[in-house]
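Participant: Sequence and predicted model, in that order:
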Amino acid sequence: MKAITIVGIVFLVVGMVTLMFSGFPIPSKADSDRALIEAALKKDKHIQVPTVFSIAAIGAGITLVILGVRM
């Protein structure tokens with residue numbers, strides 16, 4: 001496979017995932033050490049990706065896959 005086809009497939013996958021979940025979850029861990037109690041807090045941040053960018057990534061992925069096949 002050509003590199004342009006692989007990049008196109010990656011764009012397609014990322015575009016579809018962000019369209020389905022409207023963003024990416026990013027796990028984060030916060031440690032707290034107060035007196036005798038030690039706690040670990042887990043919070044998930046969610047980065048919102050606008051729908052327009054998801055559709056643009058899918059369109060770019062389709063275009064790159066087609067160009068990779070034709071070249």
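Facilitator: All right, it came through fine. Numbers count the residues shown, from 1 in each chain.
Participant: For the rest of this, base every contact and every neighbour count on C-alpha atoms.
Facilitator: OK.
Participant: And for residue 46, nearest residue in space, chain neighbours not counted?
Facilitator: Distances taken as CA to CA, 6 or more residues apart in numbering place residue 25 nearest to residue 46, at 4.4 Å, with adjacent residues excluded.
Participant: My read is that that neighbour contacts residue 18, right?
Facilitator: No - with contact defined as CA atoms under 8 Å, residue 25 does not reach residue 18; the gap is 10.2 Å.
Participant: And the helices in the chain?
Facilitator: 3-21, 51-70 (DSSP state H).
Participant: Off-centre distance for the last one?
Facilitator: On the basis of CA atoms, centre = their mean, to the nearest Å, the separation between the geometric centre of helix 51-70 and that of its chain is 15 Å.
Participant: Which neighbouring elements make contact with it?
Facilitator: On a contact count with 3 or more CA pairs under 8 Å, 6 or more residues apart in numbering; DSSP states H and E, helix 51-70 meets helix 3-21.
Participant: contact partners of the helix it packs on?
Facilitator: Residues outside helix 3-21 that contact it (CA atoms under 8 Å, 6 or more residues apart in numbering) are 23-24, 49, 51, 53-69.
Participant: Now list the buried members of the residues you listed.
Facilitator: Buried members of the contacts of helix 3-21, counted by 16 or more other CA atoms under 10 Å: 23, 54-55, 57-62, 64-65, 68.
Participant: With pLDDT and distance to residue 13 added, can I get those in a markdown table?
Facilitator: Shown next, in a markdown table, are the buried ones among the contacts of helix 3-21 (pLDDT from 0 to 100; distance: CA to CA, whole Å):
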| residue | pLDDT | distance to residue 13 |
| --- | --- | --- |
| 23 | 73 | 13 |
| 54 | 90 | 10 |
| 55 | 93 | 11 |
| 57 | 93 | 9 |
| 58 | 93 | 8 |
| 59 | 95 | 11 |
| 60 | 95 | 11 |
| 61 | 95 | 8 |
| 62 | 95 | 11 |
| 64 | 93 | 13 |
| 65 | 94 | 12 |
| 68 | 90 | 16 |
